[in-house]
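1. Quick one: sequence and predicted model below, then my questions.
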Amino acid sequence: MTWFLRAYLLLVIGFIFLPIVVSLLFSFNSDRFPTLPFKAFTTVWYETIFADPDFWRAARNSLVVSGCTCVLATLLGFCTAYTDYRYSFRGKSLFLAIILLPPTIPLIIIALAMLAWFSRVGMSGQIVSIIAAHTVLTAPFAMAIIRLRLSQIDESLEAAAWNLGASEWMAMRNVILPFCKPAILSSLFLTAAVSFDEFTVAWFVSGLNKTLPVHVLEIVQGTIDPQVNAIGTLVFAISITLVAVSQALIFFRLQRSANRPTAAPT
Amino acid sequence: MSDTKFVQTKRTFLKTGLASVALTTPFVNRAWAQTVELTMLGWYGTAEPDMVGAFEEANNVKFVPKYYAGGDNMLAALAQNPPGTFDIIHTDAEYAKLLVANDLVMELDPNAYAFDDLLHDDFKSFAGHWDAGGKLYSLITRFGHLGVSYNKDVLTAEEAASYDIYWDKRLTGKVGHFDWHLPSLGQMSLLMGNASPFDIGTDAWKAVQEKTLSLKPQVGGYFDFGGTFSGLKNGEMLAMVGIGDWVTGILERDGTPVASVVPKEGGIQWTESYSIAKTSTKTDLALKYLAYTMSPEGQVKTAQMLGYPGHAVTKAGRALLNEVDAAEAQRSHQVNGDPQDPITLINEGRISYRDIPVQQSLEDWNDFWSEYKNS
Amino acid sequence: MRRLNLYALTFRLPIIVWQALFFIGPLIFVVAMSFFVVKNYRMVETFELESWAKMVSRDYVWSAYRYTILMAGGAAALATLLAFPAAWFLAFRCSARTRQAAILLLIIPFFTSYLVRTFSWYTLLAEAGVLNGALGVLGLGPYKLLNTAIGTLTGYLTLVLPLVVILQTVTMANIDARLIQAARNLGCSPARTIWTVILPAGKTGFVIAALFAFILCFGDFVAPFYLGGSNPPTLPILIIDTTKAGQQWPRAAVVAVMMMLTLFTIAFAAIMFAYRKRASR
């Protein structure tokens, strides 16, 4: 029974990883329209994208977007997590709902809403529009990670600081922030990675300032060639680095209490 | 640490983020430092290096494209981006009149272009490019013909010579649509015997709808630009409605056994033009590019375009193509005296110019298209 | 409970302002937009039922609606079933290290481009593709997988299966091990244990996992478009068609509002069901 389940798990993981491996392989296939049999090994698609100013422009936009998004989302996530940790007040569940709701609304609806809203307020087609949208989408993840960390703090620590004459701000600076540092770092990487991969909303609101995933979408919609796989492989490498760093921070820095997995960062 | 310090920390946080981003900018930027950017709304591939690279280099300019497929997409892109976003608008000829009607494009000087050199008289005063007062707004640049596109391993050219082949048993589940109402419904209209496929009355329109719906069991999917290519390439689709050599030409170059024919019911011509947005601040450069597309060199590029090939519209362009790339000229029949010369087909009356619906609204056609896809 | 001061507001206000500007605002605007009209390619802000009347009276909207719910529901059910054995193994039958490694592996896909993975499936599922090639060796096929419901489901599962496995694993790992041990000691078969102990105890987690799967599939346009060939289109494709080609933002907004209402209803029902009369605790 156990070996059967083990094999089944491998099958599931295989199903999940098959497309990732295939895109890696096909990024080195010389055929323009990827089919079998594999024609010949080539690095031409990587050379194509590196020589393509549109790729670099999109990469730069993606860097700007995910760079700004992760800072903003983590900041907002931290504020919300701290508020949830420390205060209870009327309407708190509503307060928490408006930050935690975005991931439950289909991206296509958020995309349409953002497109219409931004054109209405004269913000359409700009990098900042993507950043604003991505911040809304990623802040809940930041909130979850930081809230998890805050739940492990000894509540008397902050109070002790006050008793010793520290102001609330000082306690924040010297107690809470240092304690949350690994979670904040982890959140920065995680939200950056999520933003780096998001394409539906970015596609709708980006105008001419397309990000890397939107560039990929346009290749799939248009010229469709293995550049897609090459870019996918690169993006994968970048994202995985971000996630690895983030995970390392979670696994090795956080003293995880085993029976509190409800807000496990995913 | 004082109270304000923390607020500052937040700001520093933000600043550091922005600064680090700003620092990487010049590195990524260097490839096109100090060049003027020319924004263009165009069909897929029209601003790729093979088309604009030489012009970019000669004029120290960089094209920033926004791609679309189909005139309705183009209108949407114009509406969804702030005015002034695009300098050059590459458009389907039949949508050019909508650009003029909505006062979106600037007037051009007819004397700047060699209209006498155009291959066909119809091109000289192409519908929608000039307003009633004889002012020019759009410059014709390339064209091609739509017919039956098919897999040569399954069908012969003779079998493909009628739109009826779409209903053939061998093609069940293997007939694809390029996801745009105009070309597909235009072909259905031709099949129903309408001499002007886009200018049809209520009954004829109804008949076209019924005929189209009867094709549904054969249909394997509705594809965007890229999906159309790969569907034919990997054999997933054996015939495609609403396209022509602009798709199969590329695949043929790539060695795929596909071809397009203009069937006995007649074919549809797609025509593409360039206009300059009224809001453009770089009109000099944009005008220069328009002139370039009409030059023999620009016309050859249009015929060879990697994204999708089109026919040259000028005699000088065709002559140069025959000189520098005889193979492509032969393949696409752009040779004087070739019985399948696209100009000859027009003269024989086998070609209708694609148009927006005359007696119905674009919305009616679009609506029916949605209904058909969901039927 | 402390009084509201500058300090408390500093942490409370930013998110409220931000979400109001960039989340609540846009959502309310979409609802309002569904009552606008388009004249001469320009949107006019008014209050008319034109778009609603138009969309609600169209059969194709409802067939897309039924199809989308059917496909997303099917994918959620399939993912729940397919994930269960794997999650069960991870929760009960393996070492902590294996579990941690497996969960890490399951997290990785979230950070690869879903678009690129779909594009890979496209090459895999084609009739001349890898899968049919492999089946051909066994003397089977070729099967038409691309541009069918199977293609769409494959894409949906790629999107949600890892998430469902993770959520189910976490759910089962949290069930009191003594309950299961007790069932064993009382002579329950594994199947009976699952039915009488694990499913009731983990109901909330299972339902939430399935709900997430449903929501993600319900809103995804990539799988039904690229793997299902838009044949027939789903609601997200309808939204894209009406915004990107038809230019009818108000009609797209109608579809969006219909989707939101559906989701809220289903989510509410699911959560009510999940939290009703929990077996343990």
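-> Ah, there it is. Residues are numbered from 1 along each chain as shown, chains lettered A, B, ... in the order given.
2. closest point of chain B to chain C, which residue?
-> Closest contact between chain B and chain C, by Cβ to the nearest Cβ, is at B:G221 (2.4 Å). Where C-beta positions appear, they are placed from N, C-alpha and C, glycine not excepted.
3. go on, the stretch 1-150 of chain A?
-> Using Cβ to the nearest Cβ, A:P106 is the residue of the stretch 1-150 of chain A that sits closest to chain C, at 2.1 Å.
4. Quick check: B:A195 is in a helix.
-> No. Read with DSSP: H, G, I helix; E, B strand; the rest coil, B:A195 is coil and lies in no helix.
5. which residues are in contact with stretch B:293-302?
-> Identification of contacts with stretch B:293-302 by Cβ atoms under 8 Å, 6 or more residues apart in numbering or on different chains yields B:50-51, B:54-55, B:113-114, B:139, B:141-142, B:274, B:292, B:310, B:312-314, B:316-321, B:324-325.
6. still on that earlier bit, what values do phi and psi take at the residue nearest to the residue of the stretch 1-150 of chain A closest to chain C when sequence neighbours are not counted?
-> Leaving out its chain neighbours, the residue that sits closest to A:P106 by Cβ to Cβ, 6 or more residues apart in numbering or on different chains is C:G219, at 2.1 Å. Here is the backbone geometry of C:G219 (degrees, to the nearest 10): phi -100, psi 0.
7. pLDDT score for residue 110?
-> Since no chain was named, I'll use chain A. Per-residue confidence (pLDDT) for A:I110: 96.
8. You answered for a different chain; I wanted chain C.
-> 81.
9. do A:P265 as well
-> 42.
10. just C:T118 next, same as before
-> 91.
11. surely it meets C:G155?
-> Yes. C:T118 lies in contact with C:G155 (Cβ atoms under 8 Å); the separation is 5.5 Å.
12. between the two, what contacts are shared?
-> In contact with both C:T118 and C:G155: C:222-223, C:226-227, using Cβ under 8 Å, 6+ apart.
13. Does the residue of the stretch 1-150 of chain A closest to chain C touch C:T262 like I think?
-> No. Between A:P106 and C:T262 no contact is recorded; they are 10.4 Å apart, counting by Cβ under 8 Å.
14. Mutual contacts of the two, please.
-> Contacts common to A:P106 and C:T262, judged by Cβ under 8 Å, 6+ apart, are C:F218.
15. what helix or strand is the closest residue in space to A:A58 that isn't next to it in sequence on?
-> Once flanking residues are discounted, A:A58 sits nearest to A:H215: 4.0 Å by Cβ to Cβ, 6+ apart. Assigned by DSSP states H and E, A:H215 belongs to helix A:212-221.
16. hang on, the earlier thing: what pairs with the residue of chain B closest to chain C across the strands?
-> B:G176 (DSSP bridges).
17. Report how many residues lie close to the residue of the stretch 1-150 of chain A closest to chain C.
-> Residues lying near A:P106 (other Cβ atoms under 10 Å in any protein chain shown) number 24.
18. What backbone torsions are found at it?
-> phi -50, psi 140.
19. That one and chain B: what is the separation?
-> Separation of A:P106 from chain B (Cβ to the nearest Cβ, to the nearest Å): 19 Å.
20. Which per-residue confidence value corresponds to that residue?
-> Here, the pLDDT recorded for A:P106 equals 93.
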